[in-house]
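Peer 1: Curious how this folds, go ahead:
(chains A and B)
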Amino acid sequence: MSSDHVLVCDNIVRRFGGVVALKNVSVAVGRGEIFGLVGPNGSGKTTLVNAITGFYPPQEGRITLDGQQINGLKPFRIASMGVARTFQNVALFHGMSVLDNILMGRHIFMKPNPLASFFYPWWARKEEVAHRRHVEEVIDLLQLAPARDEHVDVIPLGLQKRVELARALCAEPRLLVLDEPMAGMNQEEKEYMVRFILDAQEALGLTVLIIEHHMDVVTALCDRVLVLNNGQEIAQGPAREAIADPRVVEAYIGKPRHAA
Amino acid sequence: MFYRLSGTYHTSYEADRKLWKIPTDRWLVVAVLLLALLAPLYVSPLYLGSYVLPWVIWSAAALSLTLLMGLAGQLHFGFAAVMAIGAYASIHLVRFGVPFELALLLSGLIAAVIGAVFGGAALRVKGLYLVMATLAMQYLVDWVVVNVPAISGGAHATLRTPAVSFLFMPVESLAARYWLALGWAVLLTVFFMNVKRTSFGRALVAIRDKDFAAAVIGVDPFKTKLMAFFTSSFMGGVTGAILAFCFYRAVTPEQFGFNVSIQLVAMVLVGGLGSVIGSWLGAGFVLLAPIFLTNLVSGLAAAGWVPVSQNFLSHLPLMIYGAMIIGFLLLEPLGLAKIYDNIRKYFLVWPFRHARS
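Peer 2: Here you go, the predicted model:
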């Protein structure tokens, strides 16, 4: 497809044994777009994200990032090509501080090497400081400075999710995949998160693919959405229209009973 | 320890990432280093040779192992075999005419390559299965060393280390051997702390904590684990050579048996996984506590305070030692390093109660 699409999924099929989790799903995410992935539990949203990031490669179909095929590559290769993601249940490194977790996001630009560590003052220090500078910009953007030196398992969930977002942002991703960034948050935390995502998108010119259950968040954030049900596309288009589609309403809350 | 953290500000990222950020800490390090360097002057040769020297060397060994077990989270129950490779390789290299300094480096590399080959094969499995795979390495290496006369000189042979000198200092007198071992242990300590503050160390910890999350930010799990095996085995190999030349001076296969591997794991666990000071404390505890307890119990028995049979008396120190290990791990699963840290924090804010790291 045309070059203004960052991510193109073409007829993706993913089976787990006899279960077909994704049935010929196609989606194209444009550059600079915030694209929503919506659907009831078990509809295949996370499976699609896992297919894109390489954890469950699709059995059929083709996934391209800026025209390069990425399906079949290992997750770390896909990450180094510029796909960053966050997880539904926070996946931070518990043995590290907030700062070190975010520094991990710079990993694809760094060259870890025991010799460089050994000759720290002559070799690794320059690299560390340069990347620290970049990390501090992201810390500023997401207002994480007060938590910088905390251990990551003692900060509240809302903050942990923000740290994970910061870690993903540090990779300067071509495509940022957010898997339920607001899960388990209260209204205030949700609003903060929406603001941070919009700020980051504006400041860094991101392309975002986001899975979200809260419809207020979806309509506030997303340019377009894809609605999945039982692994199939049931609607695609601008957020408000797609969500108002009768088949989408049916998938979520069932058929209206027409009482006489 | 009786100082405050307040009033210490860092104005650059370099300063914020220093190993010892607080001036008082730096003075403390200098003082400890001086004390260690001057030990041959004020410690009697008996204590220096049979307590301090082995403690320094085994601390280096524990540091090598904890890089793999503590930072990278890969269990290794055959680390004595890695040290054996280093020890035997260095002796044969020196006999072959290689200068000692180079032989140390080469023996480390040989141990690293063999360790990484075994590691690469073992890394297809995780957790307990990895333990079994590394155990296989222990027994394979043991078997090869014992059964290949070219390596061990025969099943029951003892291989004497040839006379060598390190940077024109003959490694002969007790002090010289101690200084060489101390130099290596200090080098490893600084290296370990540098690893912890650079991307290499972070990648290791990432793999240990959550391997799928590490992969999703671009860490190659297999390559990183292999690097951990290689680095750790290199450190272990050179430590094995140092152990042979500075402490044992005559090497037999039994010195690197399975029980030694277990002892090393105990040092790492009791000290605290992945901790620098924990490696020193753990090695000290595992090595010295049994000796200390034996002396204590026999002293008490001689004074007539322990009225038990001679047979029971010989087992008593080991029983107390075992109880102490269990006690420490129950009291503080993160090991002696955490206990040290708690005490330090207590005094940092004393007379107040609560500390923020």
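Peer 1: Find the helix or strand that A:V27 is a member of.
Peer 2: Assessed by DSSP states H and E, A:V27 sits inside strand A:19-30.
Peer 1: what's the distance between that strand and the middle of its chain?
Peer 2: 16 Å (CA atoms, centre = their mean, to the nearest Å).
Peer 1: helix or strand right after the helix or strand where B:N194 lies?
Peer 2: Using DSSP H and E, B:N194 sits within helix B:174-196. Once helix B:174-196 ends, the next helix or strand along the chain (criterion: DSSP H and E) is helix B:199-209.
Peer 1: what stretches of the stretch 151-260 of chain A score poorly on pLDDT?
Peer 2: A:259-260 (pLDDT under 70).
Peer 1: Which residue ranges of it form strands?
Peer 2: For the stretch 151-260 of chain A, applying DSSP state E, counting those that start in this stretch gives strands covering A:175-179, A:208-211, A:224-229, A:232-238.
Peer 1: Contacts for the shortest one next, please.
Peer 2: Outside strand A:208-211, the residues that touch it by CB atoms under 8 Å, 6 or more residues apart in numbering or on different chains are A:7, A:29, A:33-38, A:45-46, A:49, A:52, A:88, A:175-181, A:197, A:201, A:221-222. Just so you know, the C-beta spots here come from the backbone N, C-alpha and C atoms, and that holds for glycine as well.
Peer 1: Quick check: B:V306 vs chain A, distance?
Peer 2: 44 Å (CB to the nearest CB, to the nearest Å).
Peer 1: which one is that residue nearest to, not counting chain neighbours?
Peer 2: B:L300 (4.9 Å; CB to CB, 6 or more residues apart in numbering or on different chains).
Peer 1: pLDDT value on that neighbour, please?
Peer 2: Looking at B:L300, its pLDDT reads 88.
Peer 1: part of a helix, is it?
Peer 2: Yes - judged by DSSP: H, G, I helix; E, B strand; the rest coil, B:L300 forms part of a helix.
Peer 1: who are the neighbours in contact with the residue nearest to the spatial centre of chain B?
Peer 2: Central residue of chain B (CA atoms, centre = their mean): B:A62, 1.7 Å from the mean position. When contacts are counted by CB under 8 Å, 6+ apart, B:A62 touches B:264, B:267-268, B:271, B:279-280, B:282-283.
Peer 1: Show me where the stretch 1-150 of chain A has its strands.
Peer 2: Counting by DSSP E, counting those that start in this stretch, the strands of the stretch 1-150 of chain A are A:5-16, A:19-30, A:34-38, A:60-65, A:68-69, A:83-85.
Peer 1: So for the second one, mean pLDDT?
Peer 2: This points to strand A:19-30. With pLDDT averaged residue by residue, strand A:19-30 scores 93.
Peer 1: near chain B, which residues of the stretch 151-260 of chain A?
Peer 2: Counting by CB under 8 Å from any CB of the partner chain, the stretch 151-260 of chain A comes close to chain B at A:151, A:167-168, A:171.
Peer 1: Among those, find me the one that's closest to A:L73.
Peer 2: The closest of those to A:L73 turns out to be A:A171 (CB to CB; 16.0 Å).
Peer 1: Surely the closest one and A:T86 touch.
Peer 2: No - A:A171 is not in contact with A:T86 according to CB atoms under 8 Å; the separation is 11.2 Å.
Peer 1: List the contacts of residue 217.
Peer 2: You didn't pick a chain, so chain A it is. A:182, A:190, A:194.
Peer 1: ah, no, chain B please
Peer 2: Residues counted as contacts of B:I217 (CB under 8 Å, 6+ apart) are A:79, A:84, A:104-105, A:107-108, A:167-168, A:171, B:206.
Peer 1: picking up where we left off before, between the strands of the stretch 1-150 of chain A, which gets nearest to chain B?
Peer 2: With distances scored as CB to the nearest CB, the stretch of those nearest to chain B is strand A:83-85 (5.6 Å).
Peer 1: And that closest one, what does it pack against?
Peer 2: For strand A:83-85, the elements it packs on are helix A:45-53, helix A:157-169, strand A:175-179, judged by 3 or more CB pairs under 8 Å, 6 or more residues apart in numbering or on different chains; DSSP states H and E.
Peer 1: Just the ones of the contacts of A:V217 in helices?
Peer 2: When DSSP state H defines the helices, the subset of the contacts of A:V217 inside them is A:190, A:194.
Peer 1: So which of the contacts of A:V217 is the closest to chain B?
Peer 2: Proximity of the contacts of A:V217 to chain B, judged by CB to the nearest CB, is greatest for A:M182, which lies at 19.2 Å.
Peer 1: Near the closest one, how many residues? Count them for me, please.
Peer 2: Residues lying near A:M182 (other CB atoms under 10 Å in any protein chain shown) number 24.
Peer 1: now it, nearest residue through space, not along the chain?
Peer 2: A:K190 (4.8 Å).
Peer 1: show me what contacts that neighbour?
Peer 2: A:182, A:214, A:217.
Peer 1: what's around the second one, how many residues?
Peer 2: Spelled out, that is A:H214. For A:H214, using other CB under 10 Å, the count is 16.
Peer 1: for the nearest residue to it once chain neighbours are set aside, phi and psi?
Peer 2: Across the structure, with CB to CB, 6+ apart as the measure, the residue nearest A:H214 apart from its sequence neighbours is A:M182 (5.7 Å). According to degrees, to the nearest 10, the main-chain angles of A:M182 amount to phi -110, psi 10.
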